[in-house]
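A.B. asks: got a sequence here, can you build the structure:
(chains A and B)
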2 protein chains.
Amino acid sequence: MGALDDGQFDANVAETAIVRGGGGSGAMEIEDAVRILLIGLGENLEREGLRKTPLRVAKAFREGTRGYGQKVKDILQGALFPEAGFDHVTGQAGGTGGLVVVRDINLFSYCESCLLPFSIRCHIGYVTSGKRVVGLSKLSRVADIFAKRLQEPQRLADELSHALQNSFTPAGVSVILYCWHIQFPEVVKCDQIPWYPSESGIQGWLQTSVCSRTGVFKDKNSSFWEEFKLLLKFRGASFTLGNSRGTLAHAWCPSRSLDLPEGNGRISSLLVGAQSEMLAAVTSIIWSLGEDPFRKELVGTPARYVHWLMKFKKSILEMKNNGFLLHKTDPHESSNGHVHIADEMSTELNLPFCAQCEHHLLPFHGVVHVGYFYDGEKKAIDRPALQSMVQFFGCKLQVQERLTKQIAQEVDSVTGKGVMVVVEANHICMISRGIEKTGSSTATIAVTGKFSSDASAKALFLEAISRNAASGGFF
Amino acid sequence: MGALDDGQFDANVAETAIVRGGGGSGAMEIEDAVRILLIGLGENLEREGLRKTPLRVAKAFREGTRGYGQKVKDILQGALFPEAGFDHVTGQAGGTGGLVVVRDINLFSYCESCLLPFSIRCHIGYVTSGKRVVGLSKLSRVADIFAKRLQEPQRLADELSHALQNSFTPAGVSVILYCWHIQFPEVVKCDQIPWYPSESGIQGWLQTSVCSRTGVFKDKNSSFWEEFKLLLKFRGASFTLGNSRGTLAHAWCPSRSLDLPEGNGRISSLLVGAQSEMLAAVTSIIWSLGEDPFRKELVGTPARYVHWLMKFKKSILEMKNNGFLLHKTDPHESSNGHVHIADEMSTELNLPFCAQCEHHLLPFHGVVHVGYFYDGEKKAIDRPALQSMVQFFGCKLQVQERLTKQIAQEVDSVTGKGVMVVVEANHICMISRGIEKTGSSTATIAVTGKFSSDASAKALFLEAISRNAASGGFF
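C.D. replies: Below is the predicted model:
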């Protein structure tokens, strides 16, 4: 557990390091910074899967923060259209006083506290004035400018609403954002081994909702704010203003809990010696993206990001050596999730995991389903043992195909009669970056022994997963 | 109804025209072609909302067909990773024989039969071989290369599966696509006035599903195809191979029904004289996009696209002059959808419409909700009259804000006591083009008279829509 040795994190390291790293010409290249991170993780830069990782990570960071280089007026130029209101009628419509809403715009942004992407569902409303309307798709494009920066939900909402208000001066702008942030496992249950995802920690992402209003949407004598919320309700989105400003800042990013009194000292003790170079590298990345690493919200970010990365350090051999396979139990004593399909086949469904994609240094997470044949005279493997195994193979830089194979191989080494492993995952690298395929998911299968020859055994196991999914499985 | 005058469409017009239009240097610019289309629609090119439409349409067409200029090998280069299979175990996993699946990739493509975009949900599976896996996000990128062309579902599936098979030679590739195509109103109910959307025609898009398989997925002795389908079932997608090849070609794009025996002569009689220039313009666009307008699947495309555009010709004054407001009925006799909230307020919910976005020449469609106060001694407006009105204002190049205003103004001119109109829509221009915000929707509101001053009346009406939406409204 070298990564977690005692030691003290010096807040000045970042400052010192950026000068060191940047030299006279400013910050080092992002690619070089990523190489330092990989070395800090104990990885071999020449390994095939990692050779282009610095390039990929740099590209993803640049694309994900391209908003720094974009201007609202470039988007809106030529997209304001004259639309008269009513000619002979009292009321609000078209270019004067009518409410215009765009709902359910999917975006993603980078969390300024930990540098991980978070998902956003954005709703924008404005009330027309000056006999002008703005092209509807431009609202989404402007939102994207502010999302593609290091952000925090409330600031994103505020920047977006004020930018729209100032750029084409409607009677008012209203923005509601629903945001989802991947959990930091140890925050959910501090009594667990810190870097292992807990079941609840992975299945549910942290959610928050924020709003920002200008003009008539703030006016107590106007009903526009209520109407805006009702229009969202048509689509099933009900917004309650539960999060007042201020309380959110700490509550939102789970890594911020490391800064709280009860977390004090933890982050310091986790980041030491060798990691000061990693901290300098992250500081340099922030600098390269066009941000000021000394902005107060960003000061702790390198430490939090390095802390997150170190969860996925190459190997935690103690765990394997202690033998997560020693604990076996009789199948009839099994706990929840354990299904006994046939005398000799045992299945464990929905074992959660969180791994780090070695191509993009972004998390992928989901569930593992394991089916295996075993000797009826011996005992089946108990669920906690399988869960430890899944965590062991998940907690490193991985690709899903290899993870699937490694779990199957490990179970097979104990049971020896045939194993089938299905891994279902969501890859953050699929929803963020240029590709932005929200909602997509992946599945991989590995089979050994009896499962490779017996199609009916495979089918039986897949049907078990299918039934479980239908009754409210992971996704 | 000048647009529908008798006449004969000469299939040679297109050929003649492209030579004429293109001159020595090839096809005319897409922008010029779009100008010809707008003139053919009777529009004023100098109108503010249309001034940049040629530019926008050209940009959307180029972005939407950028796949012609992209190569699979450029995407996959550097994205093949060595992953060994099992070391000492018999089975399939990792780089050898393991099934890898990416589910729910949202794409859109342009229909080669009518040039309108269609939506795609794409599922891809492959079986590894040669100890190599491909970066998961690359499957989505390769799919996009083939989607960003003039396509038809089965060809898209075939091109994708074969491209993957040939590029990194896995043991087999399987592709399943679910595709949705906007309805052509007159195809749904031929007894209706041809260019008006019918209720059923707008609410439900045409759906089809296709598959394409190579290698082990075609092998009857292998269970990979069944496993692939089961993995999709986990996510609620059940695929039945209902559409065999051949039968689909006509069934898919609704505009193709114009080519069928019962449609024969209709398209010829609809496109005449002035429209030959529009046909030439569309032929030229196809040429500019890098396609061959004489490829047999594309020969009828210009005629179908022009026919679609002509549905949205600037004005159909006869209809208004015939007076869609003459038919009034007692509110107590009203038909389905009519809710009588208060003595003096009447509401009609979910009146369907389909309009053409004047900024992008792409459809937007949805429902209109109308609430109005009326003199209890007079009669309320009956639903068919409101539906005609909605269709009248929808059937032209529009923006949603203006459509909302015009409907409110028209109802107000009859009732004079206050009107509230809510238009909810999906804009194809939001899901296609560069922005690709699948799932987003828009809402606009116009209010007159009593509704502008009485917040509780507004709230009452919005709640009525909300209740209706909760019980299975339009979206």
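
A.B. asks: okay, helices next: where are they in the stretch 251-400 of chain A?
C.D. replies: Taking DSSP state H, counting those that start in this stretch to define them, one finds helices in the stretch 251-400 of chain A at A:266-270, A:275-288, A:301-310, A:317-322, A:383-394, A:400-415.

A.B. asks: for these, give me CSV that also has mean pLDDT and mean neighbour count.
C.D. replies: For the C-beta atoms, the positions are set from N, CA and C on the backbone; glycine is no exception. Converted to CSV, those look like this (pLDDT from 0 to 100; neighbours: other Cβ atoms under 10 Å in any protein chain shown):
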stretch, mean pLDDT, mean neighbour count
helix A:266-270, 54, 18
helix A:275-288, 93, 25
helix A:301-310, 90, 24
helix A:317-322, 56, 11
helix A:383-394, 88, 22
helix A:400-415, 93, 24
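
A.B. asks: and of those helices, who's closest to A:Cys357?
C.D. replies: With Cβ to Cβ as the measure, helix A:400-415 is the member of these nearest A:Cys357 (8.2 Å).

A.B. asks: touching chain B at all, that closest one?
C.D. replies: Yes: Helix A:400-415 reaches chain B (Cβ under 8 Å from any Cβ of the partner chain) through A:Gln400, A:Glu401, A:Arg402, A:Thr404, A:Lys405, A:Ala408, A:Gln409, A:Asp412.

A.B. asks: quick one, the helix or strand just after that helix and helix A:383-394 angle?
C.D. replies: Downstream of helix A:400-415, the first helix or strand assigned by DSSP states H and E is strand A:419-427. Inter-element angle recorded for strand A:419-427 and helix A:383-394: 60 degrees (by axes from the mean of the first three to the mean of the last three Cα atoms, to 10 degrees).

A.B. asks: could I get the CA-only coordinates of strand A:419-427 as CSV?
C.D. replies: Taking Å, rounded to 0.1, in the frame of the first residue of the first chain, the C-alpha atoms of strand A:419-427 are listed here in CSV:
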residue,chain,number,x,y,z
VAL,A,419,-17.4,-20.3,-15.6
MET,A,420,-19.4,-17.7,-17.4
VAL,A,421,-18.9,-14.0,-16.6
VAL,A,422,-21.0,-11.1,-18.0
VAL,A,423,-19.8,-7.6,-17.4
GLU,A,424,-22.3,-4.8,-18.1
ALA,A,425,-20.9,-1.2,-17.9
ASN,A,426,-21.4,2.4,-18.6
HIS,A,427,-18.2,4.1,-19.9
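
A.B. asks: tell me which strands and helices the helix or strand encompassing A:Ala443 is in contact with?
C.D. replies: Using DSSP H and E, A:Ala443 falls within strand A:441-448. Here strand A:441-448 touches helix A:400-415, strand A:419-427, strand B:91-92, strand B:99-111, helix B:224-233, going by 3 or more Cβ pairs under 8 Å, 6 or more residues apart in numbering or on different chains; DSSP states H and E.

A.B. asks: roughly how far out does the longest one sit from the chain middle?
C.D. replies: The chain centre lies 26 Å from the centre of helix A:400-415; the measure is Cα atoms, centre = their mean, to the nearest Å.

A.B. asks: so what are the domain limits for chain A?
C.D. replies: Chain A resolves into domains spanning A:12-64+A:265-310, A:66-256, A:317-470 when parsed by automatic domain parsing.

A.B. asks: what's near enough to touch A:Gln356?
C.D. replies: Going by Cβ atoms under 8 Å, 6 or more residues apart in numbering or on different chains, A:Gln356 touches A:Leu309, A:Lys311, A:Phe312, A:Leu362, A:Pro363, A:Phe364, A:Lys396, A:Leu397, A:Gln398.

A.B. asks: ugh, wrong one, I meant A:Ser212
C.D. replies: Contact analysis of A:Ser212 by Cβ under 8 Å, 6+ apart lists A:Gln154, A:Ala157, A:Asp158, A:Leu160, A:Ser161, A:His162, A:Val173, A:Ser174, A:Val175.

A.B. asks: closest one to chain B out of those, please.
C.D. replies: Nearest to chain B among the contacts of A:Ser212 is A:Ser174, at 12.6 Å by Cβ to the nearest Cβ.

A.B. asks: thinking again about what came up before, which among the residues of helix A:400-415 next to chain B gets closest to chain B?
C.D. replies: Nearest to chain B, judged by Cβ to the nearest Cβ, of those is A:Lys405 at 3.7 Å.

A.B. asks: how close does that closest one sit to B:Asp87?
C.D. replies: Counting by Cβ to Cβ, to the nearest Å, the gap between A:Lys405 and B:Asp87 amounts to 10 Å.

A.B. asks: any idea which residue sits dead centre in chain A?
C.D. replies: Centroid-nearest residue in chain A: A:Ile182, 4.0 Å away (criterion: Cα atoms, centre = their mean).

A.B. asks: quickly note the distance from A:Val216 to chain B.
C.D. replies: 12 Å (Cβ to the nearest Cβ, to the nearest Å).

A.B. asks: run a quick neighbour tally on that residue.
C.D. replies: Neighbour count for A:Val216, taken as other Cβ atoms under 10 Å in any protein chain shown: 21.

A.B. asks: residue numbers of the stretch 301-450 of chain A in contact with chain B?
C.D. replies: A:359, A:399-402, A:404-405, A:408-409, A:412, A:419, A:421-422, A:424, A:427, A:429-430, A:433, A:435-449.

A.B. asks: which parts of the stretch 101-250 of chain A sit against chain B?
C.D. replies: So the stretch 101-250 of chain A meets chain B at A:101-106, A:128, A:133, A:135-137, A:140-141, A:223, A:226-227, A:230-231, A:233-235 (Cβ under 8 Å from any Cβ).

A.B. asks: just the buried members of these?
C.D. replies: Buried subset of these (neighbour count, 16 or more other Cβ atoms under 10 Å in any protein chain shown): A:101-106, A:128, A:133, A:135-137, A:140-141, A:223, A:227, A:230-231, A:233-235.

A.B. asks: low-confidence ranges in the stretch 1-150 of chain A?
C.D. replies: Residues of the stretch 1-150 of chain A meeting the criterion pLDDT under 70: A:1-27.

A.B. asks: for it, which segments count as strands?
C.D. replies: Here the stretch 1-150 of chain A has its strands, by DSSP state E, counting those that start in this stretch, at A:80-82, A:91-92, A:99-111, A:117-127, A:132-134, A:150-151.

A.B. asks: nearest to B:Trp252, out of those strands?
C.D. replies: Judged by Cβ to Cβ, the one of the strands of the stretch 1-150 of chain A that comes nearest to B:Trp252 is strand A:99-111, at 27.7 Å.

A.B. asks: packing partners for that closest one?
C.D. replies: With contacts taken as 3+ Cβ pairs under 8 Å, 6+ apart, strand A:99-111 sits against helix A:53-64, strand A:117-127, helix A:136-147, strand A:150-151, helix A:224-233, strand B:441-448.

A.B. asks: residue ranges with poor pLDDT in the stretch 151-300 of chain A?
C.D. replies: Under the criterion pLDDT under 70, the flagged ranges of the stretch 151-300 of chain A are A:184-204, A:235-251, A:258-274.

A.B. asks: rerun that using 90 as the cut-off
C.D. replies: Residues of the stretch 151-300 of chain A meeting the criterion pLDDT under 90: A:180-208, A:221, A:232-276.

A.B. asks: give me the contacts around stretch A:148-158.
C.D. replies: Defining contact as Cβ under 8 Å, 6+ apart, one finds that stretch A:148-158 is touched by A:63-68, A:70, A:109-113, A:115, A:120, A:146-147, A:175-177, A:179, A:208, A:210-212, A:245, A:248-249, A:252-253, A:286, A:289, A:291, A:297-298, A:301.
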